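Peer 1: can't give you the sequence, but here's the structure:
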Ligand code: GUN
């Protein structure tokens, strides 16, 4: 086997955010519109705090207005809904992201459904879910991790994925289902596999493109991978790493990387693969949202 291509998500994400910065600068010069992204964090979940900080920092780097609302964990559902309503009506805010998970006393569905679909840069609102399902990606805002996953597959295989056999492992609403819809939109033959799939290794062996999004460390084995296949690993799992010292941990994907790298034609590492793409695609969605709210057409798709 030739050496596989290791798809560097940090490099691809940086090229995306460079392009978004350039486009944002042009939008401001030509139309006087500065994209605004509002991020709402309720509570003090440490992982969420890190994500929210990176989102704000990247928005500023892209030349956007970055607005952050940090609310105490005991904030009532009513107050969160009121804030979302205000952001919906604020013309300087083009994108609204409510960081998940929310505290248990707040109904996530209720909050996400209140966000105006045209400001829903996470792509979680039922209107955007429906538009994606109907293949109307020119009108939808598409979830960031799935969009980033497909963009990485294109970096490996070229822009035309037509006719490829794609197997998506995992059927979650936030990754599995939307990534399958996007691959279908790219004219792939798509199989969604999950915990009840019979002969999962056999199903995966038919795949030219494997997207793993099951949330189980090292779940996909090397001998499931067809020689030369493109492997996109969406998993981020923290596991004990006693070899690094007592109590230490490390991040691994849903794919057994050491095995799969021996067979894949191209593969994303964890960390440094799909992870960095999520924030990059959030910036892309915010710019798209700002253009549409200004009555402007979408620009050429990123690739
Ligand atoms: N929590 C973890 N990932 C995400 C994400 O992509 N969007 C939101 N809103 N919350 C998250």
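Peer 2: Right, received. Where do you want to start? None of these values were measured; they are calculated from a predicted model. Residues are numbered from 1 along each chain as shown.
Peer 1: Number of residues surrounding the residue in the stretch 151-300 of the chain positioned nearest to the ligand?
Peer 2: Nearest residue of the stretch 151-300 of the chain to the ligand: residue 278, at 5.8 Å (CB to the nearest ligand atom). Just so you know, the C-beta spots here come from the backbone N, C-alpha and C atoms, and that holds for glycine as well. If you count neighbours by other CB atoms under 10 Å, residue 278 ends up with 21.
Peer 1: quick one: it from residue 158, how far?
Peer 2: Remark: distance between residue 278 and residue 158 (CB to CB, to the nearest Å) = 23 Å.
Peer 1: Residue 292 too?
Peer 2: 28 Å.
Peer 1: neighbour count winner among the two?
Peer 2: Using other CB under 10 Å, the more surrounded residue of residue 292 and residue 158 is residue 292, with 16 against 9.
Peer 1: Could you find the closest non-adjacent residue to the more buried one?
Peer 2: residue 118 (6.2 Å; CB to CB, 6 or more residues apart in numbering).
Peer 1: Give the helix, strand or coil label for the one you found.
Peer 2: Under DSSP: H, G, I helix; E, B strand; the rest coil, residue 118 falls in the helix class.
Peer 1: likewise residue 172?
Peer 2: Per three-state DSSP, residue 172 ends up coil.
Peer 1: Nearest residue to it in space, please, no chain neighbours.
Peer 2: Counting by CB to CB, 6+ apart, the residue nearest residue 172 is residue 213, at 6.5 Å.
Peer 1: List the residues that contact the residue nearest to residue 292.
Peer 2: 141, 289, 292-293 (CB atoms under 8 Å, 6 or more residues apart in numbering).
Peer 1: Could you tell me the model confidence score at it?
Peer 2: Note on residue 118: pLDDT of 98.
Peer 1: From residue 23, how far out is it?
Peer 2: From residue 118 to residue 23 the distance is 18 Å (CB to CB).
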